[in-house]
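Asker: no sequence for this one, just the structure:
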DNA sequence: TTATGTGCAAACTCTTTGCATTACC
DNA sequence: GGTAATGCAAAGAGTTTGCACATAA
């Protein structure tokens, strides 16, 4: 499937969802989704605002925040926060993953390990805790920065 | 070892550290450490400020922030942040653990699982990532809230 | 005595909210 | 036409910073 078609699927999902909630569609929300779709990395609200302004010059930062809250609540995007550096957002592409963050260059790597996921379930169950979601961040030095 | 003696050890550690850095001791820092020592749960800077004011009524919130930064940098305390709810601090009692947070009541449970720790090392190594530390938070519903 | 720590207030950053206006259905 | 979404500006919350004064060494 090519990227354009894939993007259309996400937008379709957004339209369906908006309708289901009795809300109205807006080009701003669609464009924010598009920016997240095209992003190769995790973006801050501010960065998203900058990029969306190329499509809708007049868009306000508040709209970005409102849209991100909505999209996150509806699980179309995920956020990751670390330290005091604020939240960063990424499109929820359906495949759960966790993150490694390089303390040297700030790069965010993604990973997924089935065994780790399974063990978390076990640990939670052993405490009588009903696991809904989790966040695992490994901090360290990425391969490139180690070479330096 | 009784609690009083244990606290004195932490304070001694603080004094040593302060000296090593060429800094000066202060009663405020000592009392913030004491509040963290006595705390049964993770505290926000604001909560710490409230509690320390019982010992030093005139202490300023800025001092709490400055001290927490210092203590965290020196690994005498750990912080945990989730969502937009700001950071919470706990005394570093030397035993690493991770957290489960109840999305219903906000309670923070601690846990430690050797196998999970080991697997994280493996996963990082497989990516050529040099693991230094990590943060794992399981979100869900605690046993008490499930009963309701 | 001299450099560090503190308290206070102002400044800053990130995020949310109120309101008049615009856009969707 | 009626309701939700937007843009703007102001307000909030949390945290940091500058500066004069207090305090430890």
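Answerer: Here it is on my side, so go on. Predicted, not measured: the structure shown is a model, and the values here were computed from it. Numbers count the residues shown, from 1 in each chain, chains lettered A, B, ... in the order given.
Asker: do you know the pLDDT at residue A:54?
Answerer: In this model, residue A:54 is scored at 96, pLDDT.
Asker: residues touching it, list them.
Answerer: With Cβ atoms under 8 Å, 6 or more residues apart in numbering or on different chains as the criterion, no residue contacts residue A:54. C-beta coordinates here come from the backbone N, C-alpha and C atoms, glycine included.
Asker: average model confidence for the helix or strand harbouring residue A:122?
Answerer: Per DSSP states H and E, residue A:122 falls inside helix A:114-126. For helix A:114-126, the mean per-residue pLDDT is 96.
Asker: what helices or strands is it leaning on?
Answerer: Helix A:114-126 sits against strand A:130-141, helix B:114-126, strand B:130-141, with contacts defined as 3 or more Cβ pairs under 8 Å, 6 or more residues apart in numbering or on different chains; DSSP states H and E.
Asker: mean neighbour count and distance to residue B:74 for the ones you listed - can I get that in TSV?
Answerer: Below are those laid out as TSV (neighbours: other Cβ atoms under 10 Å in any protein chain shown; distance: least, Cβ to Cβ, whole Å):
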stretch	mean neighbour count	distance to residue B:74
strand A:130-141	18	17
helix B:114-126	14	23
strand B:130-141	18	15
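Asker: wait, which of the ones you listed is closest to residue B:105?
Answerer: Closest to residue B:105 of the helices and strands packed on helix A:114-126, according to Cβ to Cβ: strand B:130-141, at 8.8 Å.
Asker: coming back round to it: so which of the helices and strands packed on helix A:114-126 comes closest to residue A:18?
Answerer: Comparison of these against residue A:18 by Cβ to Cβ identifies strand A:130-141 as nearest, at 23.4 Å.
Asker: the next helix or strand after the closest one near chain B at all?
Answerer: Once the chain leaves strand A:130-141, the next helix or strand it forms, by DSSP H and E, is helix A:143-147. Yes - legend: contact between helix A:143-147 and chain B by Cβ under 8 Å from any Cβ of the partner chain is shown at A:143, A:146.
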